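Peer 1: Using only what follows, build the 3D model:
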Amino acid sequence: MAKTVTTNQNQDQNTAPEKGAYPHPILAREGWPFIALSLVLAFVVGHYAGWWSLPLWVFFVFCVQFFRDPARPIPQGAKDVLSPADGRIVAIEPVMDPYLNRKAIKISVFMNVFNVHSNRSPIDAQVVQRWYNPGQFVNAALDKASIENERNALHLRTVDGVDVTCVQVAGLIARRILCYVNGGEQLNRGQRYGFIRFGSRVDLYLPPETRACVTIGDKVSASSTVLAQLP
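Peer 2: Next comes the predicted model:
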């Protein structure tokens, strides 16, 4: 099992601006229809019904905070594995990677509805293969969500031949996993590659010799928190 070491996510290290923006819009493009519709409804109901529109204004504010998508500094350590999502660490454990059929260390990040839900590449790598599995929508904080819920997995390979599996997992409320890359494409560390709507998790399956840099319960930020060091 990999040795677990806690480090400060704000530790001094070489960082670079985010790559792969489209350009970065501050609010995720996936949320624009929700934000626009909630704003129009709130205005219309407010015009005709006054304070009865308050729940719609609350929903509008929720949509704006949920679909925020801030740019982040990106650590440039060659062996760094960056967090693919904002959230809280809910698992660090030795397992069998169900996609590559190998021993691995799994690190899981749980996203609640108040986290940023944009997903970023944890490493510089080529996408070797992509798998999609339909499934259930149990609470994404539970371990069984990794194998029972709807999920989308990417097999990533570094230039050194190190394999990493990155899995988007739908949650209790989430009903849409979005992934914008396929096999054969290249991803830069920190590059935005997908989005999950309304509560979910991301699992990373790393080589068993990987050194974890976080512990259970740690709060992490996509692209800027180093989760682990590859062998």
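Peer 1: tell me the domain boundaries of this protein?
Peer 2: Annotated domains of the chain cover 29-66, 77-229 [automatic domain parsing].
Peer 1: any chance of those in CSV, plus mean neighbour count and mean pLDDT?
Peer 2: From N, CA and C alone the C-beta is placed, and that goes for glycine too. Formatted as CSV, the domains of the chain follow (neighbours: other CB atoms under 10 Å; pLDDT from 0 to 100):
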stretch, mean neighbour count, mean pLDDT
domain 29-66, 15, 87
domain 77-229, 20, 88
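Peer 1: Now do the most far-flung residue of the chain relative to its centre against Val40, distance only.
Peer 2: Relative to the mean C-alpha coordinate of the chain, counting by CA atoms, centre = their mean, the farthest residue is Tyr48 (40.3 Å). Separation of Tyr48 from Val40 (CB to CB, to the nearest Å) stands at 13 Å.
Peer 1: Could you do Ala71 as well?
Peer 2: Ala71 sits 28 Å away from Val40, going by CB to CB.
Peer 1: again, but for Pro134
Peer 2: According to CB to CB, Pro134 and Val40 sit 33 Å apart.
Peer 1: Sticking with Val58, tell me its helix or strand.
Peer 2: helix 54-66 (DSSP states H and E).
Peer 1: which strands and helices sit next to whatever helix or strand comes next after that helix?
Peer 2: Using DSSP H and E, the next helix or strand after helix 54-66 towards the C-terminus is strand 68-69. If you count contacts as 3 or more CB pairs under 8 Å, 6 or more residues apart in numbering; DSSP states H and E, strand 68-69 packs onto strand 26-27.
Peer 1: Give me the contacts around the strand it packs on.
Peer 2: 35, 64, 67-70 (CB atoms under 8 Å, 6 or more residues apart in numbering).
Peer 1: Centroid-nearest residue for the chain?
Peer 2: Nearest to the centroid of the C-alpha atoms of the chain, with distances taken as CA atoms, centre = their mean, sits Ala85, at 2.9 Å.
Peer 1: I'd like the distance between that one and Asn115.
Peer 2: 7 Å.
Peer 1: same question, Ser38
Peer 2: From Ser38 over to Asn115 the distance is 19 Å, taken as CB to CB.
Peer 1: now swap in Leu204 and tell me
Peer 2: Taking CB to CB, one finds Leu204 at 16 Å from Asn115.
Peer 1: show me what contacts the nearest residue to Arg102 once chain neighbours are set aside?
Peer 2: Ranked by CB to CB, 6 or more residues apart in numbering and with sequence neighbours excluded, the top spatial neighbour of Arg102 is Met96, at 7.1 Å. Applying CB under 8 Å, 6+ apart, we find Met96 in contact with 102-104.
Peer 1: where do the helices sit along this protein?
Peer 2: Ranges of helices in the chain, per DSSP state H, are 32-49, 54-66, 145-148.
Peer 1: Format those helices as a markdown table; extra columns: distance to Gly184.
Peer 2: Shown next, in a markdown table, are those (distance: least, CB to CB, whole Å):
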| stretch | distance to Gly184 |
| --- | --- |
| helix 32-49 | 29 |
| helix 54-66 | 32 |
| helix 145-148 | 26 |
